[in-house]
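Participant: Fold the following.
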Amino acid sequence: MQSQKQFKRRFSFEFFPPKTDQGREKLQVVRDQLAAVHPDFFSVTFGAGGSTRERTVETVLNLHQQGVSTAPHLSCVGATRESIAELLDLYRDHGINRIVALRGDMPSGMGASGELRYANELVSFIREHSDDTFNLEVAAYPEFHPQARSAEDDLKNFARKVEAGANSAITQYFFNPDSYFYFIDRLEKMGVTIPVVPGIMPVMNFSNLVRFSEMCGAEIPRWIRKQLEAYGDDTTSIRQFGEQVVTDMCQKLLDAGAPGLHFYTLNQAEPSVSIWNNLGLADREKIAF
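Facilitator: Numbers count the residues shown, from 1 in each chain. Just a heads-up that it's a prediction; the model follows:
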């Protein structure tokens, strides 16, 4: 973890672009609640195959104009170099300086992946087109990408993204901090030393958590799964238990030298804010990280 201790910590929250006017109104309330804790930035997801492109742009520009730096996700699946360049120019012209560069998911029925196939190719293209205009975040998978042929291949793929010009990374969420520590240890042995910020998923709904985890390859440890199952429909107990488990994990990560935390909010404020307060991050400017 020595490589991670050298970086200034940053804290961020992730949203998805709402589909309805009601969703936009709700996100505004959530945004205000989370802006009050002074995060370093927000990020906004990009649907499979660019399916939320316009809504992502609208959400990013709206949030960014309200005073908190906002980073759009940008994926290359189903996109052309021309369409990516248009987005890069648009974001640059609006003062956006951070992008989360991803391969992205292939929508059902899509026959071609696009002109750029992998995230390292997207990172290279962004650097060619925009030089150092953007701080480029990429994805990291402490429990390895579900489509990776092997753990070694996944580590090499991550290194390619760094070689292509990535500045830092945000991990897929996990509930076993040892997977993160081992991942960082492997990267350090490869000479890869960019900041890798843990992605944090607050526990709000057990069935949704299981579904998300199966899709992205995140493991729910058996003891956590069994306890959540035992609560049945008791949502209050599920959230209280989940809050304690995730808070304890975050504290362990920060104590070990993780360079911040990135919360997957699912457009809800309270679960992330509760963990934030438990960690004492409201006073982080006074804490010698």
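Participant: okay, CA-based contacts and neighbour counts for the rest of this
Facilitator: Fine.
Participant: Does residue 69 touch residue 42 like I think?
Facilitator: Yes: look at residue 69 against residue 42 with C-alpha atoms under 8 Å: they come within range, at 6.4 Å.
Participant: neighbour count winner among these two?
Facilitator: Ranked by neighbour count (other C-alpha atoms under 10 Å), residue 69 and residue 42 place residue 42 first, with 23 against 20.
Participant: Would you check how far apart the nearest residue to residue 102 once chain neighbours are set aside and residue 65 are?
Facilitator: Ranked by C-alpha to C-alpha, 6 or more residues apart in numbering and with sequence neighbours excluded, the top spatial neighbour of residue 102 is residue 75, at 4.6 Å. According to C-alpha to C-alpha, to the nearest Å, residue 75 and residue 65 sit 23 Å apart.
Participant: Which one's more surrounded, the two?
Facilitator: Set residue 75 next to residue 65 and count neighbours by other C-alpha under 10 Å: residue 75 wins out with 26 against 13.
Participant: What values do phi and psi take at that one?
Facilitator: Here is the backbone geometry of residue 75 (degrees, to the nearest 10): phi -110, psi 160.
Participant: That one and residue 46 touch, don't they?
Facilitator: Yes: with contacts counted by C-alpha under 8 Å, residue 75 reaches residue 46, the gap being 6.9 Å.
Participant: The residue nearest to residue 217 when sequence neighbours are not counted: how many residues sit nearby?
Facilitator: Leaving aside its sequence neighbours, residue 217 sits nearest to residue 146 (C-alpha to C-alpha, 6+ apart; 5.2 Å). Residue 146: 14 surrounding residues under other C-alpha under 10 Å.
Participant: now swap in residue 205 and tell me
Facilitator: Neighbourhood size, residue 205 [other C-alpha under 10 Å]: 15.
Participant: Does it touch residue 238 like I think?
Facilitator: Yes: assessed by C-alpha under 8 Å, residue 205 is found in contact with residue 238 at 7.3 Å.
Participant: quick one, what contacts the closest residue to residue 118 other than its chain neighbours?
Facilitator: Ranked by C-alpha to C-alpha, 6+ apart and with sequence neighbours excluded, the top spatial neighbour of residue 118 is residue 103, at 5.1 Å. Counting by C-alpha atoms under 8 Å, 6 or more residues apart in numbering, residue 103 makes contact with 75, 76, 77, 117, 118, 119, 122.
Participant: How about the contacts made by the last one?
Facilitator: Residue 122 makes contact with 75, 76, 101, 102, 103, 116 under the criterion C-alpha under 8 Å, 6+ apart.
Participant: I'd like the contacts of residue 103 as a markdown table, with secondary structure, distance to residue 251 and pLDDT appended.
Facilitator: Converted to a markdown table, those look like this (DSSP: H, G, I helix; E, B strand; the rest coil; distance: C-alpha to C-alpha, whole Å; pLDDT from 0 to 100):
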| residue | secondary structure | distance to residue 251 | pLDDT |
| --- | --- | --- | --- |
| 75 | strand | 31 | 91 |
| 76 | coil | 35 | 87 |
| 77 | coil | 36 | 83 |
| 117 | coil | 37 | 85 |
| 118 | coil | 34 | 90 |
| 119 | helix | 31 | 94 |
| 122 | helix | 34 | 96 |
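Participant: mind listing what's buried in stretch 220-227?
Facilitator: Buried residues in stretch 220-227, counted by 16 or more other C-alpha atoms under 10 Å: residue 220.
Participant: Over to stretch 87-98?
Facilitator: Using 16+ other C-alpha under 10 Å as the test for burial, stretch 87-98 gives 88, 91, 96, 97, 98.
Participant: what residues are up against the last one?
Facilitator: With contacts defined as C-alpha under 8 Å, 6+ apart, the neighbours of residue 98 are 70, 71, 72, 134, 135, 136, 137.
Participant: Across the sheet, point out what pairs with it.
Facilitator: Beta-bridge pairing for residue 98 (DSSP bridges): residue 135.
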